[in-house]
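In: Here is a sequence with its predicted model. Questions after.
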Amino acid sequence: MKKFIQSTTIAIFCFLALNVNAQKFGYINSQELIQEIPEVKEATSNLETFQQQLAKQGQDMLQRLQTKYQDLEAKQASGDISPKQLETEAAKLKEEETKLMAFEQSSQQKIMEKNETLLAPIRERIQKAIDDVAAEGGYTFIFDYATGFVLYADSNTDVSAQVKSKLGL
């Protein structure tokens, strides 16, 4: 009987030790999650509208520039413009071309900023929900099934200091 109690005590101790060290993992599918959030659809629609507006402005600028180039070529072909005037007009058109390129670059920057402005609050809301679920469920790690990234990691599992120590850092 004494051995039975000892064996049972050891078994219970081992079971408890394993449970204390056990880590709980979870995952989500971010692509599926994002598709179901109504605010994402609205933000995407707003971003597409913004992109279309900028693209139309760029197209209009490009069309005006092309028209000016065609007019200049027609004047040159008919001899209605002196070489000095041609040089001056060509320089002006090059300036407009540079402005158009700058507009395209700034448009891309504006689109990225608008994207961040629209989606950052949604991402923060999702991350808070993940953090809350992890805390409530006792998860050590939560992974994103769609991307393979870690979305949540318990800070107690960070082994950076030990690795630095092994590297002599």
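Out: That came through fine.

In: After the helix or strand hosting Ala120, which helix or strand is next? Please name it.
Out: In this assignment (DSSP states H and E), Ala120 forms part of helix 83-137. Moving toward the C-terminus from helix 83-137, the next helix or strand (DSSP H and E) is strand 141-144.

In: Report the strands that pair with that following strand, each with its relative direction.
Out: Partners of strand 141-144 in the sheet, by DSSP bridges, are strand 25-28 (parallel), strand 150-153 (antiparallel).

In: Which strands or helices does the helix or strand following the first one pack on?
Out: By that I understand strand 25-28. Once strand 25-28 ends, the next helix or strand along the chain (criterion: DSSP H and E) is helix 30-36. Helices and strands touching helix 30-36, as assessed by 3 or more Cβ pairs under 8 Å, 6 or more residues apart in numbering; DSSP states H and E, comprise helix 83-137. Heads up, the C-betas are built off the backbone N, CA and C, glycines and all.

In: Could you check how far Met61 is from Tyr69?
Out: Distance of Met61 to Tyr69, given as Cβ to Cβ, to the nearest Å: 13 Å.

In: Could you do Lys41 as well?
Out: From Lys41 across to Tyr69, the span is 42 Å (Cβ to Cβ).
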